[in-house]
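Q: Sequence below, structure please.
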Amino acid sequence: MTDAIALADPPVARRGAEPVVITAAAVSSAFGRGVAPLLTAALEGTPGFEAVRRFDVADRRVGVAATLPGSPTLRDELDQVVREACDEAGLSSGRRAQCPLYLAVHGDPDLPRAQGGEANEHGAHAFARSAARRAGLSTETVRVYTSACVAASTAVADAAAAVARGHVSSVVVTAGYLVDPDQFALFDAGRALAPDGRVRPFSAQRRGLLLGDGVGAIVIESASSAHRRGATVLARLAGWGRAGDAYHVCRPRPDGAGLARAITAALQRGSIRPEAIGYVNAHGSGTEHSDTAEAAALHLALGESAETVPVSSTKSVHGQALEAGALIELIVTVHALRAARLPVNAGYLGRDEACRLNLVLEAGQERPIDYALSVNSAFGGANTALLVGAP
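A: The predicted structure follows:
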């Protein structure tokens with residue numbers, strides 16, 4: 001067995017002088033608004049996939065997704081989760097005015113309908129600045145991330161680095177994706193969507209991914225800032241890592257080396273050895289190449305611990321939320337850590353020898369967790385890992 005990359009040298013903290021914490025989290029998903037219904041579904045392994053009614057799918061190969069009821073708008077959903085997160089963190093209007101917004105999003109949904117010169121008003125950055133303005137946040141340092149499935153986790157890593165280095169005391173990170181006809185048609189035409197209507201990460205007979213609505217926001221700040229305000233700390237953001245492998249435009253590198261480097265970087269920032277990890281929320285898209293490469297990455301980065309650490313992909317419940325997916329999964333991971341319960345790897349049919357992992361297959365498993373990893377990969381070979389710890 002290959003030794004874990006992280007064990008090549010003793011872990012060295014590289015996260016900056018300021019400890020980083022998460023003091024609020026808000027989310028909307030197919031299970032409704034709020035963390036509680038999403039967490040319950042993840043812990044019980046209850047998928048939210050149903051027939052799509054938001055737009056016509058009669059001519060599509062697959063016709064299901066995990067969507068909010070009715071006709072929600074991305075603008076309104078983002079406004080709500082940002083407001084809820086700021087309120088939960090106890091940020092005053094004065095603090096909000098100094099707090100940057102980092103937004104992960106595919107783009108302004110109104111851009112395709114913009115005419116002529118109006119297009120400039122509907123760019124991703126303009127959309128982010130507008131969201132910051134409506135929330136009463138700073139419009140001076142708005143950032144927008146559009147890097148597919150690692151957009152939100154990259155935003156979290158950047159926010160954590162800025163806080164750790166003392167550049168800013170708090171950052172609101174938000175992300176949103178609502179299943180839309182264009183992306184749905186693209187994935188369907190590429191035969192990436194699961195025709196059996198279920199996502200089955202790391203399982204034999206898995207058939208592909210399914211899309212899902214996801215809109216979330218968290219407040220990241222320095223531990224000293226949270227302490228001074230008496231804010232409740234949900235979790236410590238103990239480490240983060242990013243790496244690229246540029247192996248293929250849409251297929252991951254089979255040996256998982258890029259993702260393994262991202263995981264190793266996160267562990268080193270947190271001065272944590274692999275055996276300290278109590279749970280991994282995997283990218284787990286449910287596709288053949290992605291799942292096998294991720295399993296290889298976990299073995300490469302964690303060594304012998306990859307055989308025993310509990311692993312699941314909550315995409316099996318809430319679906320693939322593209323740019324917002326990593327933030328939704330981080331929020332689930334944080335609250336699973338707080339509940340000391342393990343999210344279920346739903347949809348499992350049987351063991352795939354290429355994915356030798358300790359999958360969470362039964363609901364109700366209780367386990368005290370000191371540290372958990374949330375990992376993601378994206379087209380083009382981008383990889384991220386976020387390490388959270390108990391407060």
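Q: Mind pulling the model confidence for the spatially closest residue to residue 125 that is not a sequence neighbour?
A: Nearest non-adjacent residue to residue 125, counting by CB to CB, 6 or more residues apart in numbering: residue 144, 5.1 Å away. Placement of C-beta: from N, CA and C, glycine included. Looking at residue 144, its pLDDT reads 96.
Q: Please report how far residue 144 lies from residue 101.
A: 9 Å (CB to CB, to the nearest Å).
Q: what sits in contact with each of those two?
A: residue 128 (CB atoms under 8 Å, 6 or more residues apart in numbering).
Q: More neighbours: which of those two?
A: residue 101 (27 against 22; other CB atoms under 10 Å).
Q: start to end distance for stretch 192-200?
A: 13 Å (CA to CA, to the nearest Å).
Q: And the contacts of that stretch?
A: Contacts for stretch 192-200 (CB under 8 Å, 6+ apart): 47, 49, 61-62, 64, 187, 206-211, 285-287, 313, 315-316, 319-320, 346-349.
Q: In ChimeraX, select just the buried ones from those.
A: The ChimeraX selection below is limited to those of the contacts of stretch 192-200 classed as buried (16 or more other CB atoms under 10 Å):
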select :47,49,62,64,187,206,207,208,209,210,211,285,286,287,313,315,316,319,320,346,347,348
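Q: What about the contacts of stretch 192-200, which are in helices?
A: Members of the contacts of stretch 192-200 lying in helices (criterion: DSSP state H): 187, 315, 316.
Q: Could I get the full set of helices for the stretch 101-250 of the chain?
A: Counting by DSSP state H, counting those that start in this stretch, the stretch 101-250 of the chain has helices at residues 124-135, 151-164, 181-189, 223-229.
Q: any idea how far the longest one is from the chain center?
A: Meaning helix 151-164. 12 Å (CA atoms, centre = their mean, to the nearest Å).
Q: How many residues are close by the nearest residue to residue 340 once chain neighbours are set aside?
A: Using CB to CB, 6+ apart and skipping the chain neighbours, the partner closest in space to residue 340 is residue 368 (5.1 Å). The number of residues packed near residue 368 is 8, by other CB under 10 Å.
Q: Tell me which residues of stretch 360-369 come out buried.
A: Buried, per 16+ other CB under 10 Å, within stretch 360-369: 360, 365, 369.
Q: can I see the domain layout of this protein?
A: Following automatic domain parsing, one finds the domains of the chain at 5-15+238-389, 20-229.
Q: quick one, which of these is packed in tightest?
A: domain 5-15+238-389 (a mean of 22; mean count of other CB atoms under 10 Å).
Q: quick check: mean pLDDT across that domain?
A: 93.
Q: Verify the stated contact: residue 108 with residue 129.
A: No: contact criterion CB atoms under 8 Å: residue 108 and residue 129 do not qualify, at 10.9 Å.
Q: Show me the strands in the stretch 151-300 of the chain, by range?
A: Assigned by DSSP state E, counting those that start in this stretch, the stretch 151-300 of the chain shows strands spanning 170-177, 214-222, 235-244, 277-281.
Q: Need those strands in a markdown table (columns: distance to residue 201).
A: Output for those, formatted as a markdown table (distance: least, CB to CB, whole Å):
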| stretch | distance to residue 201 |
| --- | --- |
| strand 170-177 | 19 |
| strand 214-222 | 16 |
| strand 235-244 | 21 |
| strand 277-281 | 11 |
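Q: Of those, which is nearest residue 135?
A: Between residue 135 and these, the tightest spacing by CB to CB is seen for strand 170-177, at 7.4 Å.
Q: Give the pairing partners of that closest one; include direction for each.
A: Partners of strand 170-177 in the sheet, by DSSP bridges, are strand 101-105 (parallel), strand 214-222 (antiparallel).
Q: tell me the angle the shortest one makes with helix 124-135.
A: Translated: strand 101-105. Here the directions of strand 101-105 and helix 124-135 differ by 130 degrees (axes from the mean of the first three to the mean of the last three CA atoms, to 10 degrees).
Q: how far away is the residue most central in space within the chain from residue 341?
A: Nearest to the geometric centre of the chain sits residue 326, at 1.2 Å (CA atoms, centre = their mean). Separation of residue 326 from residue 341 (CB to CB): 21 Å.
Q: same check, this time on residue 18
A: The spacing between residue 18 and residue 341, counted by CB to CB, is 30 Å.
Q: now do residue 301
A: Residue 301 is 24 Å from residue 341, by CB to CB.
Q: Kindly report the same for residue 384.
A: With CB to CB as the criterion, residue 384 and residue 341 are 24 Å apart.
Q: Point out where the stretch 51-200 of the chain drops to low pLDDT.
A: The model of the stretch 51-200 of the chain has pLDDT under 70 over residues 112-121.
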